[in-house]
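Trainee: Quick one: sequence plus predicted model below, questions after.
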Amino acid sequence: QVQLVESGGGLVQAGGSLRLSCAASGRTFSSYALGWFRQAPGKERDFVAAISRFGGNTAYADSVKGRFTISRDNLKNTVYLQMNSLSPEDTAVYYCTAGDTVAVVRSGNGNYWGQGTQVTVTS
């Protein structure tokens, strides 16, 4: 069992940056690929980024490529999402997820999900 807890969300102006963190419980953190999804009001939950078990492989949604960076620290059981050049279109609840592979995470079929953290970008 893995529990995921997101943090780092908040209110930021357009063009600003935020770094989200997702802390995981359990001793099997490095057994999982990890990822981030987001859900804006009235919209479906969309894939944002994913990272493989030891960080060698990453994947991003086209909408965030070049602006967002996913990373992980297996010693701290934490995955991060550095978000730069934020725009109002990035406003959403951001969710952390864990799954067997990057492909599984990216498909939205991760085994575990956090409760989400709100990111609001003002113009």
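Mentor: Yes, it's here.
Trainee: which ones are touching C96?
Mentor: By Cβ atoms under 8 Å, 6 or more residues apart in numbering, C96 lies in contact with L4, E6, L20, C22, L34, G35, W36, V79, W113, G114. C-beta here means a position set from N, CA and C on the backbone, and glycine is covered the same way.
Trainee: if you set the cut-off to 6 Å instead, what comes out?
Mentor: Contacts for C96 (Cβ atoms under 6 Å, 6 or more residues apart in numbering) come out as L4, E6, C22, G114.
Trainee: Could you identify which of these has the most neighbours?
Mentor: The residue in the contacts of C96 with the most neighbours, by other Cβ atoms under 10 Å, is C22 (25 neighbours).
Trainee: Am I right that it falls within a strand?
Mentor: Yes. Assigned with DSSP: H, G, I helix; E, B strand; the rest coil, C22 falls within a strand.
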